Structures are given as C-alpha cells and as structure tokens.
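A.B. asks: Generate a structure from the sequence data that follows.
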Amino acid sequence: MCEKRLLRIEEVMQIIPYSKSKIYELIRNGRLKAACPNGPGKKPIFVIKESIEKYIEEITVDPDDWKDPELARAQIQRRIISKGRNGHRQESS
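C.D. replies: Sure thing, here's the model as predicted:
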C-alpha cells in the first residue's frame with residue numbers, strides 16, 4: 001500500500017499541534033509546501049508530508065542549545081557556602 005504524501009490541514013494539525021491559522025502562515029512563509037489541485041491558493045489545499053518532516057527537523061533544538069536552565073543539560077554548578085574569616089557567609093561556584 002502507498003503511504004499518503006498529501007495531507008489535509010486537519011491531518012497536519014494532528015502531526016504539528018498548531019492552529020489552522022498557524023499552518024496557513026507556515027504555508028504562506030514557505031516553511032511548509034502546499035499542493036493546490038485547483039490552482040494556487042484555491043481550496044482544497046494539501047500539505048506535502050515531506051515538507052512537514054523537513055520543518056520538524058528545522059525546529060528541533062539540541063539539548064545543549066537550550067537557553068532555559070531547567071531544560072539544559074549543562075552541568076549544574078554547585079554553590080559552596082562557607083563562613084569567611086570574619087564569620088560572614090561567602091559563596092563561590
């Protein structure tokens with residue numbers, strides 16, 4: 001059996017959890033490729049499955065590149081708290 005290559009907008013929304021308007025925006029911006037059997041911009045509009053896979057690869061972020069420290073794999077720095085000579089707390093990393 002042949003795998004489906006053209007997907008309806010609703011089917012795309014099941015793969016990429018975006019709203020319809022966001023999917024159409026991605027099509028307009030060229031991030032997703034569309035097929036329009038009745039001419040450019042005329043319905044029905046199908047999204048080429050291959051372009052969905054490419055888009056997902058484009059937005060995939062390596063864990064080492066995360067800016068959010070809760071998501072990053074960077075080593076957690078330990079904070080060492082000790083009392084200095086005068087009995088005051090000092091922190092170092």
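A.B. asks: Okay, helices next: where are they in this protein?
C.D. replies: With helices called from DSSP state H, the chain shows them at 9-15, 20-28, 49-59.
A.B. asks: can you redo those helices as a markdown table with distance to W66, mean pLDDT and mean neighbour count?
C.D. replies: C-beta: built from backbone N, CA, C; applies to glycine. Shown next, in a markdown table, are the helices of the chain (distance: least, Cβ to Cβ, whole Å; pLDDT from 0 to 100; neighbours: other Cβ atoms under 10 Å):
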| stretch | distance to W66 | mean pLDDT | mean neighbour count |
| --- | --- | --- | --- |
| helix 9-15 | 23 | 97 | 14 |
| helix 20-28 | 23 | 96 | 15 |
| helix 49-59 | 13 | 96 | 13 |
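A.B. asks: Compare the ones you listed and give me the one nearest K43.
C.D. replies: When the helices of the chain are compared by Cβ to Cβ, helix 9-15 sits nearest K43, at 9.6 Å.
A.B. asks: Quick one: residues in contact with the closest one.
C.D. replies: If you take Cβ atoms under 8 Å, 6 or more residues apart in numbering as the criterion, helix 9-15 is touched by 7, 19-20, 23-24, 32, 45, 47, 52.
A.B. asks: Run through who's touching stretch 30-50.
C.D. replies: Outside stretch 30-50, the residues touching it (Cβ under 8 Å, 6+ apart) are 3-9, 11-12, 23, 26-27, 51-52, 55, 58.
A.B. asks: Apply 7 Å and report the result again.
C.D. replies: Contact partners of stretch 30-50, identified using Cβ atoms under 7 Å, 6 or more residues apart in numbering, comprise 4-9, 12, 23, 26-27, 51-52, 55.
A.B. asks: Among those, give me the pair with the biggest separation.
C.D. replies: The distance between the two most remote of these (Cβ to Cβ) is 18.9 Å, for K4 and L26.
A.B. asks: quick one on the thing from earlier: now the contacts of helix 9-15 as TSV including distance to N38?
C.D. replies: Output for the contacts of helix 9-15, formatted as TSV (distance: Cβ to Cβ, whole Å):
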residue	distance to N38
L7	17
S19	24
K20	19
I23	19
Y24	16
L32	18
I45	9
V47	15
I52	22
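A.B. asks: Fine by me, we can end here.
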